Structure formats: structure tokens, C-alpha cells
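A.B. asks: Pasting the sequence and the predicted coordinates here, then a few questions.
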Amino acid sequence: MPAPSASTFARLAELIAIPDAANRPTRPVVEAFTGRELATVPVGTAADAKAAIERARVAQREWARRSPADRAAIFHRYRDLVLENRDALMDMAQAETGKSRASALEEVLDISMTSRFYAKLAPKALKPKRVQGMLPGLTKTVVRHHPKGVVGVISPWNYPMTLAVSDAIAALLAGNAVVIKPDSQTPYCALACVELLYQAGLPRELFAVVPGQGSVVGTAIVENTEYLMFTGSTATGQLLAEQAGRRLIGFSAELGGKNPMIVTKGANLREVADAAVRACFSNSGQLCISIERIYVEQPVAAEFTRIFGERVKKITLAPGYEFGVEMGSLVSEAQVKTVSGHVDDAVVKGATVVAGGKARPDLGPLFYEPTVLTGVTEEMECARNETFGPLVSIYPVADVDEAVAKANDTEYGLNASVWAGSKAEGEAIAARVQAGTVNVDEGYGPAWGSTAAPMGGMGVSGVGRRHGVDGLLKYTESQTIATTRLLNLGGPKGMPPKVWAKLLAPFIKTMQYLPGR
């Protein structure tokens, strides 16, 4: 199965929210497997972003007047369209990123599940809610949720479909418009997903895609929207948070991670090894929630290292648009340099390569073997710094207490994995790990796929949460409307203030016995 055709790229290019795009400067979009040019994409400007935001703001006013149920109907259709067009979407994801077919399928399934979840949740969650008032019977209090306005999304290259669209789904269902700046390496992934949204019935100007440089288009988005959602590096997230803070607009971000796995002596080591392949090397390790540190209790550390090393050596590494290949290429030369730099630095300083450890230019320009190290020490670059590639280190520990302490000894706190002799033991250990999501007996999939539960990071791994009701309501402004009935706080007409005050005190005291107080 080949990469998407030239006509596909040309069709999608017409959806870019840049006037006279054909006359603009462009940058190449290349096939990660081979390095050959697939298409070009126009480079947007700050003016382009501002114009798209203003068009979106006009469209948002009409969109906000539609009922949540009416908006949800579009996303029920979108869910079906995503599944019906899954092969074309997977082709595009693989072409621009070099990921395996299975990793591309993860994106398709995630978009579909997220669309289904929020389409079902939004009508109920956005309905005005009666809450207990200050003085029961005398005060009626209702909470309403109003859309923010225009939400800006800055999405990364590693999951360029789901991270471009899944956050936008919640924002749109909440009544907002969305303007997105996709990563420059993967713009057509976002466009392919947005095309299906338009087909499902979403007004075109309500969701605009403006490719361009982050320092130009991204800055214009944060300076002109009412909320910003970002997925990417911690360093960039910190910069964007400062910019959003100066404008006092809402900001949410999923950032970096140096995610740990804990393996106790009671775990099934072969089962752990198989799952660790997914946890460490899905998407070629280019995943914020992938595992980069494995802490194994000393009595089984040598055996686990042997079993896992043998399994990693058998991972199929190859280009191709079909299922069966476990790991594809990296996305760019910069990623290859980072991974090889971390591995080479560790080896020079005394680490041992258990599996992998080499670039594979014979397979394509961006391939690097899945790599396992032991003997990693603090002075090595990969010990504490996020690699964001197919590299994991194994560390023997004396007991669970040491494993938990080392797992938590990081500024990050995004995801973790725990394997123990029983589910109860695993859950008890998981509760001690300082991470936004912890998976017991898996690597990352169950927590990420539990769309009803909040997902995000502690420490420098993020701000706010996606998924769950949190991931919907963060795109709204909560408004409390309290109506006073029968008499107001000044008391009955003609009653002396002193008497009214004496009556209020026992009344308020009895409120503690009312339900919900």
C-alpha cells in the first residue's frame, strides 16, 4: 500500500485557512520512511492566524446558539466517518511520521472513542444545573456553562491526528470555535481529520487550520484566542504558559515525561516483557506517556533483563504501510540525533547495551533500533532527561519502597506502570506513585483510553487535564445565577435588624443537617 497520492494532498491543501495559498512561500512535507518529498504546504503568517481567528469568532456566535444535542449529532456522524475512512487516515499518519500501522490505528481508534464519549457527555454535562442555594427555599441557584469563544490548539508531530482533533472535539462541543497550528512536519494529518469533520456537518470557518512557524503562527494564536491547548515539550509549554498568563486566558498542556515502570518479584516476567515492548516502543518511543525507566526488584532483575532483552531483539523494525511490523522509523533527523546522542553518551560513560543501540540507515534515513540499557548512572544524559525515542533503561532495586522512591525522584509526573504479584498489590503501589496516570498490568493504553477519566501530568509534565468531564468544562466559563425568593437578605419589611439577625443565626445553624450541606 503506497503513501497518499498527489491528488489527496492537493485536495487537502484547499482546506488550509490561508488566502491565496498558492502564491505563498512553502515548505516540503516528506515521507518519513524514505525522505522523499510528498507535497508542500504554505507557510502561514501572524496575519493569517489573526484573520482565521476573527472568521472563527463570527462563526462561533451562531454555533453557541445551537443546543449541545444539535452539536453532538455532528460528532456522532464524525465518529462513523473516521472509522469508515480509517485506511486513508492510517496511510497519512504513516506517511508523515513513519510510525507503524498499529500505532497509526491507535490514532484512528482514539479519535473515534473520544468523539463518541464527548458527543454522549456534552448534552448532559452542559445542561444548566440546579445546586443548593445559600438559604434553602429562599434562594434558587443555577450553574450555567458558557463557551470561552475561540480556542487555540497547538499540536505536535508524534500523534498528529488525535492530538490535533481530540482536544478540539471537546472544545467544539462546548460551543467554541477552534483555530489550530499543526506541527510543520505533519500538517496533512490534521487536514485529513478536519476534512471529515466538515463532511460530518461542522461549519468550515468554525475549525481553521493555519500551518506555519510556532514563533509566528503559534504566538498569534496565544495572543488572540480565549483559551490555549498545547501538547509538546515542557520548555515550550512553560513559554506558552507565561504568554497565556500575561493575558489571563485559560491554558492547558500535556508536556514531557520520564515515565517509570515498577516490576516486583511476584510479577509474571514474560507477560511484563511483552507488555513492556508496547509500553516502551509504541510509536517508536515517541510518546509522552511511554516508559523510559524500569525498576525491577533485585531477585528477578537479571532474569527480567534477559527475557526483555531477548524479546526486544525480536522486534520487527521496517518501513511499510501494512500490519505486521512492530516498529517504524523516527520522524526526523533531529530525533535520530537525540536518541543516538543519549545512547552513545551512556555507553561511553559505562552503560551496557542489552539490545539495539544502532541507527539503521539500511532501512531508511530515520530508523533506529529499539534499545535497552543497563548500568545507567546519574551523570548520563538519558538518566533524567526525556529521550522521546526507542530507549529504555533497567535499574535493579532492593525492594518496592526503593522502586517507588526512585520512580518519584523526578521533576516529571505524567504516566507510570506497575506490575506485581496481584492486582491489589499493584493498585496499592500505584497509589504511591506521583503521576497523573498509573496503569496496573499495562503500560499506558488503559489509562489513556479511559476517556471518562481525567488525563494529564503532575510536576512539569503538564497543566490541567484532558478527557473526562474536566476535559469538556475547561473550555467553558462557569456562571452562577442566584435568585432570591419571598424575601431578601435584609429581612421582612418592618422587622428590626436586630430581630432579623437573631432569627438568621439558628436558621443557618440548622442548615448543617440538610442533605448536601
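C.D. replies: Looks like it came in fine.
A.B. asks: So V397 is in contact with A407, correct?
C.D. replies: No: V397 is beyond contact range of A407, at 9.4 Å (criterion: CB atoms under 8 Å). No exception for glycine: its C-beta is placed from N, CA and C like everyone else's.
A.B. asks: Can you pull the phi and psi angles for G328?
C.D. replies: Backbone dihedrals for G328, given as degrees, to the nearest 10, come out at phi -100, psi -150.
A.B. asks: Walking through the stretch 151-300 of the chain, point out its helices one by one.
C.D. replies: With DSSP state H, counting those that start in this stretch as the definition, the stretch 151-300 of the chain shows helices at residue ranges 162-173, 187-200, 219-224, 234-247, 269-281, 298-313.
A.B. asks: remind me which residues of the protein are low pLDDT?
C.D. replies: Confidence mapping of the chain against pLDDT under 70 gives the ranges 1, 511-517.
A.B. asks: switch to 50 and redo it
C.D. replies: In the predicted model of the chain, no residue satisfies pLDDT under 50.
A.B. asks: following the helix ranked longest in it, which helix or strand shows up next?
C.D. replies: In the chain, with assignment by DSSP state H, the single longest helix is helix 101-125. Using DSSP states H and E, the next helix or strand after helix 101-125 towards the C-terminus is strand 129-131.
A.B. asks: Give the partner strands of that next one in its sheet and their orientations.
C.D. replies: Next to strand 129-131 in the sheet, as set by DSSP bridges, lie strand 139-147 (antiparallel).
A.B. asks: Tell me which of the helices of the stretch 151-300 of the chain lies nearest to T377.
C.D. replies: helix 298-313 (16.0 Å; CB to CB).
A.B. asks: The closest one vs helix 269-281, what angle?
C.D. replies: 60 degrees (axes from the mean of the first three to the mean of the last three CA atoms, to 10 degrees).
A.B. asks: which parts of helix 298-313 are buried?
C.D. replies: Residues of helix 298-313 classed as buried by neighbour count (16 or more other CB atoms under 10 Å): V300, A301, F304, T305, I307, F308, G309, R311, V312.
A.B. asks: distance of the fourth one from I394?
C.D. replies: Distance of T305 to I394, computed by CB to CB, to the nearest Å: 5 Å.
A.B. asks: Could you tell me which residues touch both of these two?
C.D. replies: Shared contacts of T305 and I394, defined by CB atoms under 8 Å, 6 or more residues apart in numbering, comprise V296, V354, V372, T374.
A.B. asks: Show me what the first one is bridged to.
C.D. replies: The residues listed as beta-bridge partners of V296 by DSSP bridges are V263, P396.
A.B. asks: The third one now?
C.D. replies: Each beta-bridge partner of V372 is listed here, defined by DSSP bridges: A355, V392.
A.B. asks: Next one: it relative to I307, how far apart?
C.D. replies: According to CB to CB, V372 and I307 sit 11 Å apart.
A.B. asks: Then the second one?
C.D. replies: Taking CB to CB as the measure, V354 falls 11 Å from I307.
A.B. asks: now the helices for the stretch 401-517 of the chain?
C.D. replies: 423-430, 445-449, 468-473, 497-510.
A.B. asks: Just say which of the ones you listed is most tucked in.
C.D. replies: Comparing these by mean neighbour count (mean count of other CB atoms under 10 Å), helix 468-473 ranks first with a mean of 20.
A.B. asks: what sits up against that one?
C.D. replies: So helix 468-473 is in contact with 118, 121-122, 125-126, 145, 167, 170, 173-174, 451-455, 464-465, going by CB under 8 Å, 6+ apart.
A.B. asks: Distance from the chain centre to it, please.
C.D. replies: With CA atoms, centre = their mean, to the nearest Å as the basis, helix 468-473 stands 13 Å off its chain's centre.
A.B. asks: returning to that earlier point: dump the helices of the stretch 151-300 of the chain into CSV; add distance to T97 as well.
C.D. replies: Output for the helices of the stretch 151-300 of the chain, formatted as CSV (distance: least, CB to CB, whole Å):
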stretch, distance to T97
helix 162-173, 12
helix 187-200, 8
helix 219-224, 23
helix 234-247, 19
helix 269-281, 15
helix 298-313, 21
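A.B. asks: Need the winner for burial among those helices.
C.D. replies: helix 162-173 (a mean of 27).
A.B. asks: Out of the helices of the stretch 401-517 of the chain, which gets nearest to E14?
C.D. replies: That would be helix 468-473 among these, by CB to CB, at 30.9 Å.
A.B. asks: Output the closest one as PDB, nothing but the C-alphas.
C.D. replies: The C-alpha trace of helix 468-473 is given here as PDB (Å, rounded to 0.1, in the frame of the first residue of the first chain):
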ATOM      1  CA  GLY A 468     -13.500  13.200  31.400                       C
ATOM      2  CA  VAL A 469     -15.800  16.000  32.300                       C
ATOM      3  CA  ASP A 470     -12.700  18.100  33.200                       C
ATOM      4  CA  GLY A 471     -11.700  18.000  29.500                       C
ATOM      5  CA  LEU A 472     -15.000  19.400  28.500                       C
ATOM      6  CA  LEU A 473     -15.800  22.000  31.100                       C
END
